[in-house]
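In: One predicted model, sequence on top.
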Amino acid sequence: TTCGVSLSYAADELKSDRDIVMAAIENDGSELCYASEEMRSDRSIVMSAVEKNGNVLECVSDELRSDRDIVMVAVTQNGSALRFSADHLKGDTDIVLAAIRNDGYAVEYATDDLKSNKVLAIEAVKQNEWALDCIADHLKSDRDIVKIAVEKNAHTLGWAGDGAKSDKDIVVIAVEQDGEVLKFASEELKSDRDVVRTAVEQNAFALQYAGDVAKLDEDIVMTAIKNDGETLKYASDELRSKKGIVVAAMEQNPISLKYALGGLNQDNELLARCGIWDDKNTYERLSITKATKVVMSTRFSLSESSSPYATKMALALKNHPYFQNKRLYFPNAWGKSTCDPKWTDIAHPCRGTFDTCEKAAELKKGVPKEGECCWRYSFRYQLEEAKETKGFMIQVAEYYQESSRCGEHILGDGQKIEIELADQVGVKVFRVMQPVWIRRKRRNPEREVDERHVESIVECLKNWYDTGCKDMDVTEHVYYPYMS
């Protein structure tokens, strides 16, 4: 035959035909596995086969697996064939050297004595840095060997021994390539100023693996947050409570305000810097002119454990020209209080009116005293201003891929109450559905609210006004982003 694949379908007598078998393995060495036992014990046929595919050593007779010449040819062609050789050849230095020069990981099949051979270990990691995982434990801390591995791939530090993970020079080589491998370093080096600074310079998120001492180091934290403001969440509580640190993080990424502590995530000045609040002059101008009020309904997104999606949406809307002369009320930017012991129990009678709210009388009339009055009273007040100025409510429905209700857009309990309030006041609601692909592309957060998304919302709003604002039902706005 001229096509080796046919041998597996050949009659038994043909599988013992020397010419046919030779023709088959000439095309594909692995066809030897379909030949008869007699052919698989024929030295010249086996030699021809392993020259083509070393792994057919698995199919040959025990006698030929002990044949040094055949095994040498097999491992030279494919280092992993070493695993099929006779045990005594797995301790043959020349055989093992030939195997690991083809595939460094083949050292896994060598005898324990040869796995402890430094020369062979060096050859193995030179060919395949991940072979570090297969050599003797004491060599995993050998400076020369580990250095070769981490210079090729920083993540091999994870396979290194404790001695290498405590070697400052080795760890620096690794974190210079990828700061996140700081997680493999010894506890001592995770707090070493030079090591951690090098790591966060390469990857700001390496700060999460730093030791407590490093997370208290203002210089290290500033280096990280200037690369990515969201790494503020990994700094010490003390630094997350320092206004200067928080401001620096916000300058890189306004959303990082959510990780501030000590009440800074509700600080008026910082909220204005973040862009969630209007500055004083803009606020007064829009208030005097009775500009259209737009009320946001969101899950709380300025707390550390929450999703930042609603905040990003609010910022994107505020920055769009269509909203420049509108007043955007973002409830997450205000301190909270409530007359409901459970805060968001929809069965609680409070609906933000004088008669239903259980707060003191002075806290449920006039301009809301944020942080003291009930959040439902405050929210209703904003809705009434929206109605008076022909405004509307934008409710953000976030998509949850990892929950007991996997794959759904889920409203928070407070948002369900806000829908009732909007209906009672008579305010139009546009429910913006978070695009599904956002959760699938976690490593690309800047695309969570893109320009096309905001433009599509604006078009929806304009259409409502153009048609005389007659449709007062909840409008669900679904945006289908390009998957590029």
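Out: Arrived safely.

In: and Asn414, how far is that from Thr338?
Out: For the record, residue 414 is Gly, not Asn. Using Cβ to Cβ, to the nearest Å, one obtains 10 Å as the distance from Gly414 to Thr338. Placement of C-beta: from N, CA and C, glycine included.

In: can you check Gly263 too?
Out: From Gly263 to Thr338 the distance is 18 Å (Cβ to Cβ).

In: okay, those two: which has more neighbours?
Out: Counting neighbours by other Cβ atoms under 10 Å for Gly263 and for Thr338 shows that Thr338 has the greater number, 21 against 9.

In: Where does the prediction get shaky in this protein?
Out: 1-6, 276-284, 286, 300-307, 333-335, 400-407, 436-448, 480-484 (pLDDT under 70).

In: Do a quick rundown of the strands in it.
Out: 293-297, 327-329, 392-400, 408-410, 429-433, 475-478 (DSSP state E).

In: Most tightly packed of those?
Out: Mean neighbour count (mean count of other Cβ atoms under 10 Å) peaks for strand 293-297 among these, with a mean of 26.

In: the inter-axis angle of the lengthiest helix in the chain versus strand 392-400?
Out: As far as residue count goes, and with DSSP state H defining each element, the longest helix of the chain is helix 451-466. Using axes from the mean of the first three to the mean of the last three Cα atoms, to 10 degrees, the inter-axis angle of helix 451-466 relative to strand 392-400 is 140 degrees.

In: what angle do helix 451-466 and strand 429-433 make?
Out: If you take the same axes, to 10 degrees, helix 451-466 sits at 160 degrees to strand 429-433.

In: Next, the buried residues of helix 451-466.
Out: With burial defined by 16 or more other Cβ atoms under 10 Å, the residues of helix 451-466 counted as buried are 453-454, 456-457, 461, 464.

In: which residues in the stretch 351-484 of the chain form helices?
Out: With DSSP state H, counting those that start in this stretch as the definition, the stretch 351-484 of the chain shows helices at residue ranges 375-388, 413-425, 437-440, 451-466.

In: And the ones you listed: which comes nearest Lys369?
Out: The closest of the helices of the stretch 351-484 of the chain to Lys369 is helix 375-388. By Cβ to Cβ, the value is 8.6 Å.

In: And the closest one, what does it pack against?
Out: When contacts are defined as 3 or more Cβ pairs under 8 Å, 6 or more residues apart in numbering; DSSP states H and E, helix 375-388 sits against strand 293-297, strand 327-329, strand 392-400, helix 413-425.

In: Pairing partners for the second one, with directions?
Out: So that's strand 327-329. Using DSSP bridges, the strands paired with strand 327-329 are strand 293-297 (parallel).

In: For the strand it pairs with, give me every contacting residue.
Out: Contact partners of strand 293-297, identified using Cβ atoms under 8 Å, 6 or more residues apart in numbering, comprise 310, 313-314, 317, 323, 326-332, 379, 382-383, 385-386, 388-389, 391-396, 415, 418-419, 422, 427, 429.

In: so Ser16 touches Ser41, yeah?
Out: No. Counting by Cβ atoms under 8 Å, Ser41 is not a contact partner of Ser16; they are 11.2 Å apart.

In: hang on, the earlier thing: columns distance to Arg197 on top of the strands of the chain, output as CSV?
Out: Listed next are the strands of the chain as CSV, based on distance: least, Cβ to Cβ, whole Å:
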stretch, distance to Arg197
strand 293-297, 40
strand 327-329, 40
strand 392-400, 36
strand 408-410, 41
strand 429-433, 41
strand 475-478, 45
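
In: Of all these, which one comes closest to Ile95?
Out: With Cβ to Cβ, the closest approach to Ile95 among the strands of the chain belongs to strand 392-400: 56.2 Å.

In: Show me what the closest one is in contact with.
Out: 294-299, 307, 309-310, 313, 317, 383, 386, 406-411, 415, 418-419, 422, 427-436, 438-439, 457, 461, 464, 474, 476.

In: repeat for stretch 91-100
Out: Contacts of stretch 91-100 with the rest of the structure, by Cβ under 8 Å, 6+ apart, involve 68, 71-72, 75-76, 79-82, 85, 89-90, 106-107, 109-111, 113-114, 117, 120, 123-124, 127, 131.

In: do the same with stretch 56-72
Out: Stretch 56-72 is touched from outside by 29-30, 32-33, 37, 40-41, 43, 46-47, 49-50, 74, 81-82, 84-86, 88-89, 92, 94-95, 98, with contacts defined as Cβ under 8 Å, 6+ apart.

In: Buried members of those into ChimeraX, please.
Out: What follows is the ChimeraX syntax for the buried subset of those, where burial is set by 16+ other Cβ under 10 Å:
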select :29,30,32,33,40,46,47,49,50,74,81,82,84,85,86,89,92,95,98
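
In: Could you check what's spatially nearest to Ser191, not counting adjacent residues?
Out: For Ser191, the nearest residue in space outside its immediate sequence neighbours is Gly211; the separation is 3.3 Å by Cβ to Cβ, 6 or more residues apart in numbering.
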